[in-house]
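*Asks:* sequence and predicted structure below; questions after.
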Amino acid sequence: MRSHLLPPRGFQAISSAFATIVLLITWILFAPTQVGGLASYVIVYGSSMEPNFHIGDLVIAHRQAVYQVGDAVVYQNIELQGFVFHRIISESAGQFTLQGDNNPWVDTYQPSQEELVGKLWLHIPRGGVVMQKVRSPWVMALVAATLGLLVVSSLNSEKARGRKNMSKKSIQERLTSLNQNIRSWFAQISQPEPGGGATSSQAGTWEAYFYLLGLILFLSLIVGIISFSKPNTRIVSDDIQIQHLGIFSYLASAPQGIYDSNAIKSGDPIFPRLTCAVDVSLQYTLIAPGASNVTGSYQLTAVIREQNSGWERRIPLQEKTSFSSSTFGTTAKLDLCKIEALTQSMEQETEFHPGSYTLSVVPLVLLNGEFPDRAMEGRFNSGLTFTYDHVHFFLAQEKDTDNPLSLTVTETLPSTRAETNTVVFLGTQLAVPALKWAAVLGLVASLAGLLALGARLKSMSQNDQAGYFRAKYDSLMVDVQSSAWQAGSKLMNVTSIDALAKLAERYNAMILHVEREHAHEYFVQAGDTIYTYSLQKNDAGTAVPATEAEHVP
């Protein structure tokens with residue numbers, strides 16, 4: 001009678017490895033980040049994400065290596081001192097702009113990537129309500145009591161069975177067993193035991209091998225599914241920020257006794273009745289570390305404007321001039337009397353008499369350059385602004401500017417680049433191409449190992465039946481020294497070791513093994529009936545079926 005080649009314990013080991021992987025993946029996906037998992041749990045409290053998300057819903061977010069426009073994310077808002085669940089609508093220089101799906105306005109706080117808790121992974125409607133109820137003391141006590149009863153029941157059931165069971169061993173026990181037996185791996189696979197008949201320790205090693213290979217197989221399969229579903233590279237934002245620094249100054253002569261000196265300096269008001277000619281200077285500096293071959297052009301222009309009506313006139317103060325460095329200085333003549341004449345002419349022709357005007361000296365700076373990996377184009381046109389009230393010109397103080405004479409403008413140069421795609425695992429970013437190779441190698445190695453084990457078991461089933469039986473039914477087998485039975489016991493021969501194993505499981509008994517000089521004898525006692533099966537040894541001392549033995553005593 002032929003039997004299945006793979007021992008039941010091998011199936012149990014592989015099934016146990018699969019269960020271990022499932023538990024591990026479940027833990028990683030659902031365990032909170034505080035205990036090593038990937039999940040952040042957020043309960044929806046507002047209506048800003050309706051109609052898809054409602055008050056009381058549960059959102060589970062996973063941290064990502066890269067976040068993109070359109071992702072619904074959870075982030076930490078320092079201004080609100082809490083967590084916010086909104087959608088990314090734009091990104092600039094590492095800062096994200098977010099907005100609720102149901103909000104007409106955008107969030108005032110712009111978080112960085114480090115402040116993003118995670119991207120929406122799972123949405124459970126009304127799940128937050130259930131979680132709040134579960135977190136109550138009485139419910140937690142009930143859950144703990146139920147788990148305790150299950151554990152106690154499991155332990156009592158295990159004790160009642162009275163035999164070893166691979167599927168009930170803890171992960172730590174399996175790994176300890178594997179560590180103890182790993183040194184004999186190659187010897188066990190490549191060389192049969194002299195004289196036949198694997199020991200219990202050797203059979204346990206087979207169990208550890210099946211568990212290890214099954215663990216590698218299923219882990220590689222899951223890693224392969226995850227990694228092969230993602231491209232090797234991804235397109236990410238690679239913006240560069242440059243700064244334009246413009247320092248303005250102005251100087252004009254003044255009659256004695258009006259100012260502290262006979263000169264009008266930067267910051268002083270200017271009265272056209274005292275002087276019309278003003279020298280306006282600009283010292284420009286480009287702050288762009290790594291930039292080279294910077295060239296460009298500049299031109300100062302005076303712009304007189306009436307804010308309410310939008311009327312304006314532009315007066316070039318100089319010709320367009322080229323430069324070839326990251327800094328330059330320039331001075332232009334500003335005729336305030338000409339500006340005054342323009343405003344008076346407009347009022348006389350239109351009979352429109354506004355109370356005040358603004359006068360801006362605007363530098364149009366256009367520049368080009370190179371970074372190591374891209375070209376650079378920049379623009380600076382923030383100017384020096386005066387207010388004119390028909391009597392004098394004085395500096396206008398902008399709300400967001402501490403010093404109206406010194407202007408710093410940050411410009412973002414948008415760009416993208418391709419980089420190796422990654423997967424976040426326990427806070428570590430793992431490269432997708434490396435994961436693909438690891439998955440393929442793991443699958444090949446585990447399948448090759450299982451095939452090697454299968455080939456070894458097949459060889460044992462043909463040449464060393466006693467060793468094969470030990471490897472196959474070690475969890476049911478006990479070695480004894482004698483086969484003497486009580487008087488009156490009924491002996492019954494069975495046709496195969498598989499039939500004997502079924503009887504052992506049916507009667508919750510052990511298979512007793514006695515090794516004699518010329519045979520291996522196996523017994524199962526069920527009441528007053530003894531079921532037996534024998535294997536004969538050939539001249540080499542190896543157990544083979546009786547029909548193949550060359551010498552049967």
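*Replies:* That came in fine, so what should we check first?

*Asks:* make it CA atoms for all contacts and neighbour counts henceforth
*Replies:* Will do.

*Asks:* now do the helices in the stretch 101-250 of the chain.
*Replies:* Along the stretch 101-250 of the chain, counting by DSSP state H, counting those that start in this stretch, helices occupy 127-134, 137-161, 171-181, 185-190, 200-228.

*Asks:* to clarify, my last question referred to the stretch 251-400 of the chain.
*Replies:* 336-350.

*Asks:* can you give me the strands for it?
*Replies:* Assigned strands in the stretch 251-400 of the chain, in chain order: 263-264, 277-287, 292-298, 300-305, 312-316, 321-323, 327-335, 357-363, 365-371, 374-380, 384-388, 393-395 (criterion: DSSP state E, counting those that start in this stretch).

*Asks:* same check, this time on the stretch 451-553 of the chain
*Replies:* According to DSSP E, counting those that start in this stretch, the strands that the stretch 451-553 of the chain contains are 477-479, 490-493, 511-515, 519-526, 529-537, 543-544.

*Asks:* which stretch in the helices of the stretch 101-250 of the chain has the least confidence?
*Replies:* In terms of average pLDDT, helix 185-190 trails the rest of these, at a mean of 43.

*Asks:* among the strands of the stretch 451-553 of the chain, which is the most enclosed?
*Replies:* Stretch with highest mean neighbour count among the strands of the stretch 451-553 of the chain: strand 543-544 (a mean of 26; mean count of other Cα atoms under 10 Å).

*Asks:* just the mean pLDDT for it, thanks.
*Replies:* Per-residue scores along strand 543-544 average to 54.

*Asks:* for Tyr522, give me its contacts.
*Replies:* For Tyr522, the contact set (Cα atoms under 8 Å, 6 or more residues apart in numbering) comprises 511-514, 532-534.

*Asks:* how many other residues sit next to Val130?
*Replies:* 13 (other Cα atoms under 10 Å).

*Asks:* Ala31 versus that one, what's the distance?
*Replies:* 17 Å (Cα to Cα, to the nearest Å).

*Asks:* now Gly442
*Replies:* From Gly442 over to Ala31 (counting by Cα to Cα), the distance is 26 Å.

*Asks:* so which of these two has more stuff around it?
*Replies:* Gly442 (22 against 16).

*Asks:* need the three-state assignment for the more buried one.
*Replies:* helix (DSSP: H, G, I helix; E, B strand; the rest coil).

*Asks:* what helix or strand is Ile21 on?
*Replies:* helix 8-30 (DSSP states H and E).

*Asks:* picking that back up, how about the strands of the stretch 251-400 of the chain in CSV, adding distance to Ala61 and mean neighbour count?
*Replies:* Shown next, in CSV, are those (distance: least, Cα to Cα, whole Å; neighbours: other Cα atoms under 10 Å):
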stretch, distance to Ala61, mean neighbour count
strand 263-264, 62, 18
strand 277-287, 39, 18
strand 292-298, 43, 17
strand 300-305, 52, 22
strand 312-316, 53, 14
strand 321-323, 52, 14
strand 327-335, 48, 17
strand 357-363, 48, 22
strand 365-371, 37, 18
strand 374-380, 35, 15
strand 384-388, 48, 22
strand 393-395, 51, 20
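
*Asks:* confidence score at Trp105?
*Replies:* 91.

*Asks:* which residues does it contact?
*Replies:* Gln99.

*Asks:* of all the strands of the stretch 451-553 of the chain, which lies closest to Trp311?
*Replies:* strand 477-479 (102.1 Å; Cα to Cα).

*Asks:* and for Tyr41, the neighbour number?
*Replies:* 19.

*Asks:* ok, now the one 10 residues further on?
*Replies:* Burial of Pro51 is recorded as 9 neighbouring residues (other Cα under 10 Å).

*Asks:* and if you look at Gln81?
*Replies:* 8.

*Asks:* separation between it and Gly290?
*Replies:* On the measure of Cα to Cα, Gln81 and Gly290 end up 38 Å apart.

*Asks:* now Gln465
*Replies:* Taking Cα to Cα, one finds Gln465 at 75 Å from Gly290.

*Asks:* please say which of these two ends up with more neighbours.
*Replies:* Gln465 (26 against 8).

*Asks:* if we can go back for a sec, in JSON lines, list the contacts of Tyr522 along with pLDDT and distance to Thr358.
*Replies:* Listed next are the contacts of Tyr522 as JSON lines, based on pLDDT from 0 to 100; distance: Cα to Cα, whole Å:
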{"residue": "Ile511", "pLDDT": "84", "distance to Thr358": "104"}
{"residue": "Leu512", "pLDDT": "86", "distance to Thr358": "106"}
{"residue": "His513", "pLDDT": "85", "distance to Thr358": "107"}
{"residue": "Val514", "pLDDT": "86", "distance to Thr358": "110"}
{"residue": "Thr532", "pLDDT": "88", "distance to Thr358": "111"}
{"residue": "Tyr533", "pLDDT": "88", "distance to Thr358": "110"}
{"residue": "Ser534", "pLDDT": "85", "distance to Thr358": "111"}
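
*Asks:* make TSV from those and add distance to Thr327 to it.
*Replies:* Output for these, formatted as TSV (distance: Cα to Cα, whole Å):
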residue	distance to Thr327
Ile511	93
Leu512	95
His513	94
Val514	97
Thr532	100
Tyr533	99
Ser534	99
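
*Asks:* how about the contacts made by Thr327?
*Replies:* Applying Cα under 8 Å, 6+ apart, the residues near Thr327 are 283-286.

*Asks:* any idea how the chain splits into domains?
*Replies:* 31-134, 169-236+418-472, 240-413, 480-548 (automatic domain parsing).

*Asks:* Throw those domains into CSV and include distance to Thr20, thanks.
*Replies:* Putting the domains of the chain into CSV (distance: least, Cα to Cα, whole Å) gives the following:
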stretch, distance to Thr20
domain 31-134, 15
domain 169-236+418-472, 8
domain 240-413, 46
domain 480-548, 26
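
*Asks:* worst mean pLDDT among the ones you listed?
*Replies:* Taking the mean pLDDT of the domains of the chain, domain 169-236+418-472 comes last: a mean of 73.

*Asks:* now the residue positioned nearest the centre of the chain: how far from Gly37?
*Replies:* Central residue of the chain (Cα atoms, centre = their mean): Val424, 2.6 Å from the mean position. Distance, Val424 to Gly37, by Cα to Cα: 11 Å.

*Asks:* could you do His390 as well?
*Replies:* From His390 to Gly37 the distance is 69 Å (Cα to Cα).

*Asks:* between those two, who's got more neighbours?
*Replies:* Set side by side, His390 and Gly37 show more neighbours around Gly37, with 19 against 15, by other Cα under 10 Å.

*Asks:* picking up where we left off before, closest to Leu364 among the contacts of Tyr522?
*Replies:* Out of these, the member with the shortest distance to Leu364 (by Cα to Cα) is Ile511, at 95.7 Å.

*Asks:* excluding sequence neighbours, find me the nearest residue to that closest one.
*Replies:* Nearest residue to Ile511, sequence neighbours excluded (Cα to Cα, 6 or more residues apart in numbering): Met477, at 4.6 Å.

*Asks:* so what's the one you found up against?
*Replies:* 470, 510-513.

*Asks:* could you dump those residues into CSV and include distance to Ser249?
*Replies:* Converted to CSV, these look like this (distance: Cα to Cα, whole Å):
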residue, distance to Ser249
Arg470, 96
Met510, 101
Ile511, 102
Leu512, 104
His513, 104
